[in-house]
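Trainee: starting from these lines, generate the structure:
(one chain, ligands or ions: 2)
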Amino acid sequence: MILNYESKIIQVKIVYYGPAMSGKTTSIKFLFNFFNKGDQLNSIENTVGRTLFFDFGVLQFKGSQWELKFLIYSATGQDFYASTRPATLKGVDGIIFVVDSKRDCLNHNFRSWKELKYYFSEELYQIPIVIALNKYDLNNGEKIDKMDLNAIINFDRFKEIHINKTIATTGEGVLDSFKMLIKSIFPNITIIV
Ligand SMILES: Nc1nc2c(ncn2[C@@H]2O[C@H](COP(=O)(O)OP(=O)(O)O)[C@@H](O)[C@H]2O)c(=O)[nH]1
Ligand SMILES: [Mg+2]
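Mentor: Residues are numbered from 1 along each chain as shown. Ligands and ions are numbered 1, 2, ... in the order given. Down below sits the predicted model:
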């Protein structure tokens, strides 16, 4: 987090993390479109025919005295861009971990989570995190739930962790997850949208 007293701007870094195809880009796109900032989002597609993207955009909000500037990134576990990940995660203020709720993806989610844990080690427990259980529109039986995740995430160890069901394709829960994360970073903030 960077506080600039002269320009009265607080800069906050948020990363959407999770396995490939879990819905990170779809979630971020919904968020930016919601604030009519769709044109401020850069999604860079790779060129080797895999549907991998790197997203980056800035959402800026003006308070009565200070301006809040959110730098929003996405990062995928186990991919071609693995080497860029430490730079993306450096100095992060909050993480939205986008889970692919498809039962078949249980191991993908676990692997991605383990990488995140490996990168931060014990420091991870101090970082505000929202777990977005995405693709919640899938039928029961086809999807994983909180119990499945607790086996690896160990919720009790975190200072601030929330779980929220989302459907990125319709936007359901996406704004709520973002607000939850901001609330975790700034406990005294009042958000009016
Ligand atoms: N059914 C369903 N599909 C979703 C949902 N979120 C994303 N998708 C689809 O999953 C695929 C991967 O999404 P994308 O946002 O590109 O994943 P990313 O690799 O994490 O950025 C796309 O075809 C999306 O339309 C969801 O909540 N429900
Ligand atoms: Mg993507």
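
Trainee: longest helix of this protein?
Mentor: helix 106-120 (DSSP state H).

Trainee: helices or strands up against that helix?
Mentor: strand 9-18, helix 85-89, strand 94-100, helix 146-153 (3 or more CB pairs under 8 Å, 6 or more residues apart in numbering; DSSP states H and E). No exception for glycine: its C-beta is placed from N, CA and C like everyone else's.

Trainee: what's the following helix or strand after that helix?
Mentor: Note on helix 106-120: by DSSP states H and E, the next helix or strand toward the C-terminus is strand 129-134.

Trainee: quick check, that next one touching ligand 2?
Mentor: No: judged by CB under 5 Å from the ion, strand 129-134 stays clear of ligand 2, getting no closer than 11.9 Å.

Trainee: give me the sheet partners of that strand and which way each runs.
Mentor: strand 94-100 (parallel), strand 161-165 (parallel) (DSSP bridges).

Trainee: after the last one comes which helix or strand?
Mentor: In this case it means strand 161-165. helix 174-185.

Trainee: tabulate the CA atom coordinates of that next one in CSV.
Mentor: Presented in CSV, the C-alpha positions along helix 174-185 are these (Å, rounded to 0.1, in the frame of the first residue of the first chain):
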residue,chain,number,x,y,z
VAL,A,174,-18.5,-10.5,-7.7
LEU,A,175,-19.1,-7.0,-6.4
ASP,A,176,-19.7,-8.4,-2.9
SER,A,177,-16.4,-10.3,-2.9
PHE,A,178,-14.6,-7.1,-3.9
LYS,A,179,-16.4,-5.1,-1.1
MET,A,180,-15.6,-7.8,1.4
LEU,A,181,-11.9,-7.6,0.5
ILE,A,182,-11.9,-3.8,0.8
LYS,A,183,-13.6,-4.1,4.2
SER,A,184,-10.9,-6.5,5.3
ILE,A,185,-8.2,-4.1,4.2
